[in-house]
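1. Just need the structure, nothing else, for what follows:
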Amino acid sequence: MANRASHLLLALLLASACNQQRTSDASAVDGKQNASGESAESDDASQEREDTSHDAPPPDAERAALDPTPATTATVDPRVDAPLREEAIRRALVDLAEWTKKKGGTLGASIVDVRDGRRVAGVEAARPLNPASNQKILTAAAALHYLGPAYRFKTELRGNPKNGVAEVIVLSGNGDPSLSTQDLWRLARVVRERGLKRVGAVYVDQSYFDDQFVPPAFEQQPNEWAAFRAPVSAVAVEQNTVTLNVLPNASGTAASFWFEPPGAVDSHGTIATRAPGSGDAVGWSLRPDDAPGATRLRSEVSGGIAADLGRRRYTRRLEDPRLVPGYALRDVLKDVGIEVGDEVRLGKLPSSEQLAYITSKPLAQLLYPVGKESDNFYAEMLLKVVGAAANADGKATPPATTAAGARALVRWLEGAKIDTKDVVVANGSGLFDANRVSAGVLAEALAAAYREPAISSEMVAQLAIGGVDGTLRNRFRDLAGQRVVRAKTGTLRNVIALSGYVMGPAGRAPIAFSLLVVGVPAEPGEARKRSDRVVTEIAKALWAAPQPQSAPERPSQQEGTSRDAQPSAP
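-> Have a look, this model is predicted:
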């Protein structure tokens, strides 16, 4: 009986929320491909390097559907102005809240109707929690706001060549997270075509970023070498990772292997090709080469691979990424026929001319790995770039710092009239135990971004689509045809998070939601299942045929009038 009373009280508290208002010339190359790492800690932080399925902008019809301004039509869908049927939403949220409490965890939840800003329901919506990768929602919004959806990064080669000879050539950039080895090849071919024949030394200008290339809180897992923990730098090739490629040959012979980016690693050892069916067991290390005169990283390889396997790729992060782009550039310059000296160092010239440059894809497309595949490297790079770009005078002022990016992010929240007194922004990706954001802040930030015309459709488009792509490709499959769930997942050892939008019929603003389940590490699958049920009920309510609905009964003073429900003990 007590359990039933508790359940009814929680439902009434949730119901009360509905009455509360939320208080080139030839030297230029454009449009590159992106690249991404893989996370071992977060199951929503992986993307294969060759995957470019999210690089294309949404089709015109879909962009129109995402536009917050309703189209003018002769017939308006009656669901656009219909009251939201909220009872089932609250029941699902009560179920999630009670289950989380029973398991000893904490739920932060907020569901906001973007149409009028009303909070439909909430559970401890103002409580600051670790948002895991839902932090990337705030990073993406800040990047779109300060940089603009059309912003493109620029990487260039500079020098002062005379008669085909440059004593120094400088590789410089402003934080392009998508820069690849292929881009360096394009730059090298351009300077060769312009008559460059010999280079004395290669400099890498990393001055657009500060010297803190390990993002805040990443030191909490110092011995993790997976690519998801890659450092950041103003010029970063292949997301500041190194990949060992291994290709088996005939059994009993040595396998073929090579590293990407090229020219960065001096390898020692062999990898054997073993009998078919024996699998792969490849060992390799990566460290600076301390030998006199060494100018590259050193890798010791060992182990073997079965003859019946295809190519295997093993990727790990760099420790110090700053010189690696220079090693790679030196190698590709040689490959296109330019003579290059051995010296690779950090630096720039007092004055120089631009020899070649390459621009990235627009920011709107570069955000796809962030929102859809939860790419940590992209998020950390973008937060730093925001720090350089978001100054009072609107001019970029390097060096870029994560702290400056965090301050700019908070300023955007404040500009949207969102309470930030308990917000802690340490990094841009949400990795580790560093950030503190409430579900209320996340839901209100989503609503604010949707209401900002210059970034609205891009904010929605970069999120994963339930049942279709990204980290939601295997969730919300029953809603895949409608493509209505657009959300960001979040997974750490102690956090299961989901925040985003449920899109309504054309002309109807979406529902923004944030669900943060913290402290239930043993049952991540059940936490996702119950969270998904809440979102599914939101979709059903938005798309249900309209029907008369009486105003919800206002609870008495004794029952409480807080807009955030506090679940009682079950």
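2. just the strands in the stretch 401-550 of the chain please.
-> 464-465, 485-492, 495-502, 511-518 (DSSP state E, counting those that start in this stretch).
3. Next secondary structure after the strand or helix carrying Ile169?
-> Following DSSP states H and E, one finds Ile169 within strand 165-173. Following strand 165-173 in sequence order, the next helix or strand is helix 181-193 (DSSP H and E).
4. The following helix or strand past that following helix vs strand 165-173, what angle?
-> Note on helix 181-193: by DSSP H and E, the next helix or strand toward the C-terminus is strand 198-205. Strand 198-205 runs at 20 degrees relative to strand 165-173, counting by axes from the mean of the first three to the mean of the last three Cα atoms, to 10 degrees.
5. Return the set of buried residues in strand 198-205.
-> Val199, Ala201, Val202, Tyr203, Val204, Asp205 (16 or more other Cβ atoms under 10 Å). (Glycine included, C-beta is placed from N, CA and C.)
6. before we move on, what about stretch 379-395?
-> So for stretch 379-395, counting by 16+ other Cβ under 10 Å, buried means Ala379, Glu380, Met381, Leu382, Leu383, Lys384, Val385, Val386, Gly387, Ala388, Ala389, Ala390.
7. was I right about the first one contacting Thr139?
-> To tie it back to what came earlier, the one meant is Ala379. Yes - taking contacts as Cβ atoms under 8 Å, Ala379 lies within contact range of Thr139: 4.9 Å.
8. what's the overlap in contacts for the two?
-> Common neighbours of Ala379 and Thr139 (criterion: Cβ atoms under 8 Å, 6 or more residues apart in numbering): Val370, Gly428, Ser429.
9. got those residues as CSV, with pLDDT columns?
-> Below are the shared contacts of Ala379 and Thr139 laid out as CSV (pLDDT from 0 to 100):
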residue, pLDDT
Val370, 98
Gly428, 97
Ser429, 98
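10. Thr315 touches Asn245, doesn't it?
-> No - Thr315 lies out of contact with Asn245 (Cβ under 8 Å); the separation is 9.8 Å.
11. out of these two, which sits in the busier spot?
-> When Thr315 and Asn245 are compared for neighbours, Thr315 comes out ahead with 19 against 14, by other Cβ atoms under 10 Å.
12. residues contacting the closest residue to Ala408 other than its chain neighbours?
-> Nearest residue to Ala408, sequence neighbours excluded (Cβ to Cβ, 6 or more residues apart in numbering): Ala390, at 3.6 Å. Counting by Cβ under 8 Å, 6+ apart, Ala390 makes contact with Ala142, Tyr146, Ala404, Gly405, Ala408, Arg411.
13. Can I get those in JSON lines including distance to Leu157?
-> Below are the contacts of Ala390 laid out as JSON lines (distance: Cβ to Cβ, whole Å):
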{"residue": "Ala142", "distance to Leu157": "30"}
{"residue": "Tyr146", "distance to Leu157": "27"}
{"residue": "Ala404", "distance to Leu157": "28"}
{"residue": "Gly405", "distance to Leu157": "27"}
{"residue": "Ala408", "distance to Leu157": "30"}
{"residue": "Arg411", "distance to Leu157": "35"}
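14. Helices - which of those residues land there?
-> Ala142, Tyr146, Ala404, Gly405, Ala408, Arg411 (DSSP state H).
15. Tell me the bridge partners for Val301.
-> Counting by DSSP bridges, Val301 forms beta bridges with Gly269, Trp284.
16. quick one, phi/psi of the most centrally placed residue in the chain?
-> By Cα atoms, centre = their mean, the chain has its centre lying nearest to Val370, at 2.3 Å. With angles defined as degrees, to the nearest 10, Val370 sits at phi -70, psi -50.
17. what's the answer for Gly326, then?
-> phi -70, psi -40.
18. swap in Ser256?
-> Backbone geometry at Ser256, expressed as degrees, to the nearest 10, gives phi -90, psi 140.
19. With adjacent residues omitted, what lies nearest to it?
-> Among residues not flanking Ser256 along the chain, Leu247 sits closest, at 4.5 Å (Cβ to Cβ, 6+ apart).
20. thinking again about what came up before, using CSV, write down the CA coordinates of the strand holding Ile169.
-> Taking Å, rounded to 0.1, in the frame of the first residue of the first chain, the C-alpha atoms of strand 165-173 are listed here in CSV:
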residue,chain,number,x,y,z
VAL,A,165,64.6,26.2,-53.2
ALA,A,166,63.2,26.9,-49.7
GLU,A,167,65.4,26.9,-46.7
VAL,A,168,62.4,26.3,-44.5
ILE,A,169,58.8,25.3,-45.3
VAL,A,170,56.2,25.8,-42.5
LEU,A,171,53.1,23.7,-42.0
SER,A,172,50.6,25.8,-40.0
GLY,A,173,46.9,25.4,-39.1
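21. a helix runs through Thr155, doesn't it?
-> No - counting by DSSP: H, G, I helix; E, B strand; the rest coil, one finds Thr155 to be strand, located in no helix.
22. what would the contacts of Ala390 look like in TSV with pLDDT, distance to Ala480 and neighbour count?
-> What follows is the contacts of Ala390, written out as TSV (pLDDT from 0 to 100; distance: Cβ to Cβ, whole Å; neighbours: other Cβ atoms under 10 Å):
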residue	pLDDT	distance to Ala480	neighbour count
Ala142	97	30	28
Tyr146	95	33	22
Ala404	94	40	21
Gly405	95	35	28
Ala408	95	36	21
Arg411	95	37	16
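23. nearest to Ser180, of the residues you listed?
-> Nearest to Ser180 among those: Gly405, at 23.7 Å, using Cβ to Cβ.
24. The closest residue to that closest one other than its chain neighbours is in what secondary structure piece?
-> Distances taken as Cβ to Cβ, 6+ apart place Gly387 nearest to Gly405, at 3.4 Å, with adjacent residues excluded. Applying DSSP H and E as the criterion places Gly387 in helix 376-389.
25. Need the per-residue pLDDT for the residue nearest to Ala408.
-> In this model, Ala390 is scored at 73, pLDDT.
26. now do the one 10 residues further on
-> pLDDT for Ala400: 93.
27. contacting residues for it?
-> Gly175, Tyr208, Phe209, Asp210, Ala234, Lys384, Val385, Gly387, Ala388.
28. Equivalent analysis for Gly337, please.
-> The contact partners of Gly337, taken as Cβ under 8 Å, 6+ apart, are Arg192.
29. same thing with Phe218?
-> Applying Cβ under 8 Å, 6+ apart to Phe218 gives the contacts Arg229, Pro231, Asn427, Leu431, Phe432.
30. Tell me which other helices or strands the top helix by length along the chain touches.
-> Using DSSP H, we find that the single longest helix of the chain is helix 524-543. Contacts defined by 3 or more Cβ pairs under 8 Å, 6 or more residues apart in numbering; DSSP states H and E place helix 524-543 against helix 87-102, strand 106-113, strand 485-492, strand 495-502, strand 511-518.
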